[in-house]
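Asker: The following comprises the amino acid sequence and a computationally predicted model.
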Amino acid sequence: MVDGDAESERMRSGSYRSVVTSPTLLAMMLVAFVVMFGYEVPAPILSRIGEGVGISDAEVGLVMTAFAVPGAVFVPVTGLLADLYGRKHVLVPSLVLFAASGLAVVAVDSFAVLLGLRALQGLAFAGILPISVVVLGDAFEGSEGSAAQGFRTSAAGAAVTVVPPVAALLAGYGWSVPFLLFGLVFLVAAVVLVVVPETGEALETDAGVTETLRGYAAGVRVELADRALGVFVVGGFVRGFVRLAVLTFVPLFAVRSLDASLVEAGFVLSARGVARLVLPPFAGVVTGRFSRRRGLSGALAVGAASCALVPFAPGVLWAGVAVFGFTVGDALVSPLLKDAVASRAGDDHRAGVINSMYVFQNGGEAVSPALFGVVLAVGGFVPVFLLGAVVMVVYLLAVLLVGR
């Protein structure tokens, strides 16, 4: 075993170089960038979408819920398919569906049709983001795995920085115009098809379909019986539950309580991007010098404290600072959590285990807008963000208990 100082030194030198020059990593970074369109295109313009299709602030959260629910349902299916038939057989078609359903929004003016297209995007999302984590889990291990997951998260951070203000500006030409950005996803699908090798071998078995599926499910259950792995997998729910609440209700808070414009609300969201762009690659150093558990615990503490401060911001600038603080924590939680799950899962069931984490994450995202919408209607913005902070603190305690 490599000790912490030697491992972190290796990550500061040649190991980072070998990671960042990998075509597989670069392609997965592009995937992580464009898949964030599913969140970052509609989030800053929710009030504009509501006006465009004639719905209230309480109802507009369904635009995000419709995207999250199919992921919670279909993520187990995409994990199974990726383990049985290979990663690219799932990833490339999912990217194509994601692009097509996003572009189709430009041609609709019905709230019901909009929700249907968002549901299709959520279905495609189930075969994109989780599988990009699996691909990197196949290709890298140890602190290199943490670093690779960190760079993938940084690419998502770049989208968080750039896309919200761009979407807000495009919304000035029409509420559906920002959805033209989904055309870029077709190009990324082509890149993945051409440059990424298949990182996971198809599962070979002489058993029938029913027996194969039963055996595969039993294997995943055995993996998840590990207590530490189970806690990390459940962390997906916590992250999805709180993160989508911040993503959905920070722009509404900025517009309704701080009198911000749509563009200003977009820039408040883009404050997350700086942290997500810069910090995640250092997850490898954190793992090497400390441990995933200590790094994860500290990141959760920072995120919880910042989330609690959001509704007390006296102006748009301070709201952006609080959101930035929340994302500092989330920027490290994401790669450390994903690498912890990927590293503990066996090769034959890695996609299934990782996708189990996304089942929880998408489940958290599915219930988050509706539940927090009720909290908003009853108590206003303060209890919305305090509830998010409390959930993170409870999970922090669970992580510490597992460590002990």
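Answerer: Received, thanks. Small disclaimer: the values here were computed from a predicted structure and weren't measured.

Asker: Could you say which helix or strand holds the residue nearest to residue 300 when sequence neighbours are not counted?
Answerer: In this structure, residue 300 finds its nearest non-sequential neighbour in residue 396, 4.2 Å apart by Cβ to Cβ, 6 or more residues apart in numbering. (C-beta placed from N, C-alpha, C; glycine too.) Secondary-structure element containing residue 396, defined by DSSP states H and E: helix 381-403.

Asker: what packs against that helix?
Answerer: Secondary-structure packing of helix 381-403 (3 or more Cβ pairs under 8 Å, 6 or more residues apart in numbering; DSSP states H and E): helix 227-257, helix 292-309, helix 350-379.

Asker: Mind checking those for the one nearest to residue 326?
Answerer: helix 292-309 (4.0 Å; Cβ to Cβ).

Asker: re earlier: how about the helices and strands packed on helix 381-403, which one is nearest residue 152?
Answerer: When the helices and strands packed on helix 381-403 are compared by Cβ to Cβ, helix 350-379 sits nearest residue 152, at 12.7 Å.

Asker: Does residue 181 touch residue 166 like I think?
Answerer: Yes - Residue 181 is within contact range of residue 166, at 7.4 Å (criterion: Cβ atoms under 8 Å).

Asker: I figured residue 80 was touching residue 353, is that so?
Answerer: No - checked against Cβ under 8 Å, the pair residue 80 and residue 353 is beyond contact range at 11.4 Å.

Asker: Might you list the low-confidence residue ranges for the stretch 301-404 of the chain?
Answerer: Along the stretch 301-404 of the chain, the model assigns pLDDT under 70 to residues 347, 403-404.

Asker: Also the chain?
Answerer: Within the chain, the segments meeting pLDDT under 70 span 1-17, 58, 142-143, 200-213, 216, 271-273, 281, 283-288, 347, 403-404.

Asker: mind listing the strands for it?
Answerer: Read by DSSP state E, the chain holds no strands at all.

Asker: Roughly how far does the closest residue in space to residue 120 that isn't next to it in sequence sit from residue 155?
Answerer: Closest residue to residue 120 apart from its sequence neighbours, by Cβ to Cβ, 6+ apart: residue 101 at 3.9 Å. Taking Cβ to Cβ, to the nearest Å as the measure, residue 101 falls 22 Å from residue 155.

Asker: circling back to that earlier point, could the helices and strands packed on helix 381-403 be laid out in JSON lines, adding mean neighbour count and distance to residue 269?
Answerer: Shown next, in JSON lines, are the helices and strands packed on helix 381-403 (neighbours: other Cβ atoms under 10 Å; distance: least, Cβ to Cβ, whole Å):
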{"stretch": "helix 227-257", "mean neighbour count": "23", "distance to residue 269": "6"}
{"stretch": "helix 292-309", "mean neighbour count": "22", "distance to residue 269": "14"}
{"stretch": "helix 350-379", "mean neighbour count": "23", "distance to residue 269": "15"}
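
Asker: Now tabulate the ones you listed in TSV and tack on distance to residue 109.
Answerer: What follows is the helices and strands packed on helix 381-403, written out as TSV (distance: least, Cβ to Cβ, whole Å):
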stretch	distance to residue 109
helix 227-257	22
helix 292-309	36
helix 350-379	22
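
Asker: Residue 86 is nearest to which of these?
Answerer: Residue 86 lies closest to helix 350-379 among those, at 9.8 Å (Cβ to Cβ).

Asker: Can you check what angle separates the closest one from helix 227-257?
Answerer: Here the directions of helix 350-379 and helix 227-257 differ by 40 degrees (axes from the mean of the first three to the mean of the last three Cα atoms, to 10 degrees).

Asker: Next, the angle from helix 350-379 to helix 381-403.
Answerer: Angle, helix 350-379 to helix 381-403, by the same axes, to 10 degrees: 150 degrees.

Asker: Which secondary structure elements does helix 350-379 sit against?
Answerer: Counting contacts by 3+ Cβ pairs under 8 Å, 6+ apart, helix 350-379 is packed against helix 57-60, helix 62-85, helix 129-139, helix 209-224, helix 227-257, helix 316-344, helix 381-403.
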